[in-house]
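[1] need a 3D model of the sequence below.
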Amino acid sequence: MTAKTLSELLECTCIAGHGGLERAVTGGYVGDFLSWVMGHAEENSAWITVMGNINAVAVALLADVSCIILCDGAHLDEDARRRADENNIPVLASSKPAFALALALGKALGL
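    As a prediction, the model looks like this:
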């Protein structure tokens, strides 16, 4: 499925990186400790986090994830928004908690 399809299924709003919405999503990862995410998130994963800063976008690029999903109503700062737009990293926003999003993501992926 694409990041766009996932956004619709999870009822998220794309707030940055619209140019990357056609990228495939093949897995998921939940975590907020950036160095841990860099070493453990798999390529093409949807990354669920509360981290909405420029460092999160850098980690998304390094880990080669398909999109960032901000959970629990977390906000994206303006520097991060610009970097996500420049690099076509979709940032999806949701008020739902990480656990609920992870369950829905797993179901959407048939896990």
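[2] which stretches of this protein form helices?
    3-9, 34-40, 54-63, 78-87, 98-108 (DSSP state H).
[3] tell me which of these lies nearest to Ile69.
    helix 98-108 (6.0 Å; Cβ to Cβ). To be clear about C-beta, it is placed using only N, CA and C from the backbone, and glycine gets the same treatment.
[4] got the contact list for the residue most central in space within the chain?
    Central residue of the chain (Cα atoms, centre = their mean): Ile68, 1.4 Å from the mean position. If a contact means Cβ atoms under 8 Å, 6 or more residues apart in numbering, then Ile68 has Trp47, Thr49, Ala56, Val57, Ala60, Ala84, Ile89, Pro90, Val91, Leu92 as its contacts.
[5] for it, name its beta-bridge partners.
    For Ile68, the beta-bridge partners under DSSP bridges are Trp47, Val91.
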